[in-house]
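> Okay, sequence plus prediction incoming.
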Amino acid sequence: MDLMEAIKGRRSIRKYKPDPVPEETLQKIMEAVRWVPSWANTQCWEVIVAKDPKIKSELATALPKTNPALSSMADAPIVIVLCGKKGVAGFKKGEAATVKGDWLMFDTGIAMQTLCLTAYSLGLGTVVIGMFDHKKVEEILGVPQNAEVVAMTPLGYPAAEGATPKRKELAEFVFYDKHPGK
Ligand SMILES: Cc1cc2nc3c(=O)[nH]c(=O)nc-3n(C[C@H](O)[C@H](O)[C@H](O)COP(=O)(O)O)c2cc1C
């Protein structure tokens, strides 16, 4: 699939078929994450692949009832939870190298988009889920203190296409030479 076609065609999918994802397809998606760029190649991401329906339903309890992606947690055959190791990305000899502190949100963000685009190119749906009780998910999955949960996504074959939300025009966010100051 052409890259621009993948970037523009990927949609957040909130309705899934129960059909299983072949192991080979899952491994291809994980291989794509392996090649994601990261701060000084620190690769702080950790990926938990939840297939057990009991774990998936426990994870769903961490989402507020108002989250539009809630039902997809049970419907999709897989839920992927993306974690980041703390104090790795953006650090040099244990000290933050920039005013931004930990860059784990940034590196795991790239990992998540790579995962979503690769999944889409293989006919699978995803939706990034950020609105949930992170501490609860860390407890459910036994995530240690040196890492944190960042985001989740269901992974499976779409049962319905998502609508295409409007995007800003380029002129609204691309500036030349200097920031316009507002
Ligand atoms: C960091 C992040 C967090 C998000 N959290 C949620 C969420 O909790 N629930 C949900 O239904 N969608 C969530 N989304 C999906 C966005 O709503 C969606 O990407 C956006 O509306 C654009 O639609 P599109 O992905 O189909 O282009 C999240 C997306 C991002 C990038």
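All right, it came through fine. Everything numeric here is computed off the predicted structure, so don't read it as measured data.
> hey, let's count contacts and neighbours off CA atoms from now on
OK.
> what sits against residue 159?
Residue 159 makes contact with 15, 16, 17 under the criterion CA atoms under 8 Å, 6 or more residues apart in numbering.
> Try it again at 10 Å.
The contact partners of residue 159, by CA atoms under 10 Å, 6 or more residues apart in numbering, come to 13, 14, 15, 16, 17, 18, 75, 76, 125.
> Flag every residue of this structure that's near the ligand.
11, 12, 67, 68, 69, 127, 128, 129, 130, 131, 164, 165 (CA under 6 Å from any ligand atom).
> can we see that at 8 Å?
The chain has residues 8, 10-14, 63, 67-70, 109, 127-132, 151, 162-165 near the ligand, with proximity defined as CA under 8 Å from any ligand atom.
> Kindly write the PyMOL command that selects the buried subset of the residues you listed.
A single PyMOL command selects the buried members of the residues of the chain next to the ligand (16 or more other CA atoms under 10 Å):
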select buried, resi 10+11+12+13+14+63+69+70+109+127+128+129+131+132+151
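> the helices in the chain, which residues?
Secondary structure of the chain, counting by DSSP state H: helices at 3-9, 23-34, 53-60, 72-75, 104-121, 134-141.
> so which of the contacts of residue 159 comes closest to residue 144?
The nearest member of the contacts of residue 159 to residue 144, counting by CA to CA, is residue 76 at 26.3 Å.
> Hmm, residue 52 and that closest one touching each other?
No - contact criterion CA atoms under 10 Å: residue 76 and residue 52 do not qualify, at 11.2 Å.
> follow-up on the earlier one: export the contacts of residue 159 to JSON lines and tack on pLDDT?
Shown next, in JSON lines, are the contacts of residue 159 (pLDDT from 0 to 100):
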{"residue": "13", "pLDDT": "98"}
{"residue": "14", "pLDDT": "97"}
{"residue": "15", "pLDDT": "97"}
{"residue": "16", "pLDDT": "98"}
{"residue": "17", "pLDDT": "97"}
{"residue": "18", "pLDDT": "96"}
{"residue": "75", "pLDDT": "96"}
{"residue": "76", "pLDDT": "98"}
{"residue": "125", "pLDDT": "98"}
